[in-house]
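Student: Predicted model, plus sequence, below.
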Amino acid sequence: MLVAVFATVRDVYADTPESAVIYSLMNAMLAFVPALGPIAGAIIARYFGWEAIFLALCISALIALPFVLPKWHETRQSREHSSRADFSVVLRNPYFWVYTLAFGTAMGSFFVFFSTAPRVLIGGADFSELGFSVAFATVAVVMIGTTRFAKRFVARWGIPGCVTRGMLMLLFSTTLLGVGEIFLAPSIWSFVLPMWLVAVGIVFTTSVTANGALHEFSEMAGTAVALHFCVQSLIVGVIGTGAVIAIDGSSAWPLIAYTGGMAAMTLAMLIGLARYKQQR
């Protein structure tokens with residue numbers, strides 16, 4: 001579904017100001033799901049049994065199906081390229097790698113936060129489950145709120161400018177997280193408040209990374225999007241999970257290490273990409 005949705009947006013809204021709003025809103029909604037999903041799943045399982053969770057997913061799909069089928073037509077009719085050629089062309093492109101890395105950095109920051117937040121806030125700050133859910137959800141709310149201004153800052157800064165500012169925001173946020181981890185006890189101020197800034201940096205980044213990574217692949221949007229999400233998932237799954245396992249997951253240090261390290265790497269690659277563009 002993610003591949004189909006993002007490929008459709010790429011086909012219909014490529015190189016338009018609206019694409020920034022749609023991409024950032026979709027990514028904010030994806031981030032909001034982990035905040036609401038566990039709550040909904042726990043309630044359903046408690047009152048109807050765990051089997052009802054799968055029934056709820058089935059019902060949701062059945063409700064969406066009659067709206068999707070008649071209106072979601074094929075947005076890219078041309079199929080001139082072979083899949084083998086498509087993969088090689090995409091994987092050799094430096095823009096694809098830089099902006100996919102930026103996307104993985106941004107979304108991975110949220111999911112490392114999702115992995116460590118229960119132990120930090122419930123275990124370390126004595127939040128109740130409801131209090132944790134509300135605090136967690138505020139980060140996604142900030143993302144959705146920032147999305148409202150995505151069109152403006154993309155028009156003003158462009159794709160490289162948005163990603164650069166997004167990475168700088170992530171680095172600044174990790175500095176605050178580090179200060180809070182060293183000098184303050186776990187709390188909403190030391191852990192959640194810096195994540196609001198991370199959320200802003202995520203929107204700055206994810207509003208443009210798809211266009212940045214895929215702008216040269218309009219004729220093979222589906223293949224490029226599939227690789228985009230595959231590589232991003234590997235980045236988050238391998239590096240993000242490795243940070244949580246290798247570093248104390250009951251603290252903010254895995255988040256600091258992942259977000260700060262990946263943001264610094266992305267900025268370095270952006271500088272290299274700018275030099276590559278000048279040489280071309």
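Tutor: Everything's here; your move.

Student: right, and residue 124 touches residue 186 too?
Tutor: Yes: distance between residue 124 and residue 186: 3.7 Å, which falls inside the contact criterion (Cβ atoms under 8 Å). The C-beta positions use only the backbone N, C-alpha and C, and glycine is treated the same way.

Student: Now for the two: what residues contact both?
Tutor: Taking Cβ atoms under 8 Å, 6 or more residues apart in numbering as the criterion, residue 124 and residue 186 both touch residue 251.

Student: So these two - more neighbours on which side?
Tutor: residue 186 (22 against 17; other Cβ atoms under 10 Å).

Student: For that one, report the pLDDT, please.
Tutor: Residue 186 carries a pLDDT score of 90 in this model.

Student: Following the chain past the helix-or-strand element of the chain with minimal mean pLDDT, name the next helix or strand.
Tutor: Lowest mean confidence among the helices and strands of the chain (mean pLDDT, DSSP states H and E): helix 83-91, at a mean of 72. Counting by DSSP states H and E, the element after helix 83-91 in chain order, helix or strand, is helix 94-117.

Student: ok now that next one, how far from the chain's centre?
Tutor: Here helix 94-117 shows a centroid-to-chain-centroid distance of 6 Å under the convention Cα atoms, centre = their mean, to the nearest Å.

Student: repeat for stretch 93-104
Tutor: Between the mean C-alpha point of stretch 93-104 and the mean C-alpha point of its chain there is a distance of 13 Å (Cα atoms, centre = their mean).

Student: now stretch 187-202
Tutor: 15 Å.

Student: Identify each buried residue in that stretch, please.
Tutor: In terms of neighbour count (16 or more other Cβ atoms under 10 Å), stretch 187-202 has its buried residues at 187, 190-202.

Student: same question, stretch 243-255
Tutor: Using 16+ other Cβ under 10 Å as the test for burial, stretch 243-255 gives 243-244, 247, 249, 251-255.

Student: Likewise for stretch 161-169?
Tutor: 162-167, 169.

Student: and the lengthiest helix in the chain, what does it pack onto?
Tutor: Identified as the longest helix of the chain according to DSSP state H is helix 150-183. Counting by 3 or more Cβ pairs under 8 Å, 6 or more residues apart in numbering; DSSP states H and E, the packing neighbours recorded for helix 150-183 are helix 17-48, helix 94-117, helix 193-206, helix 209-214, helix 253-279.

Student: chain center to it, what's the gap?
Tutor: Its chain's C-alpha centre lies 14 Å from the corresponding centre of helix 150-183 when counted by Cα atoms, centre = their mean.

Student: Quick one: mean pLDDT over it.
Tutor: Per-residue pLDDT values across helix 150-183 average out to 93.

Student: Sweet, I'm off.
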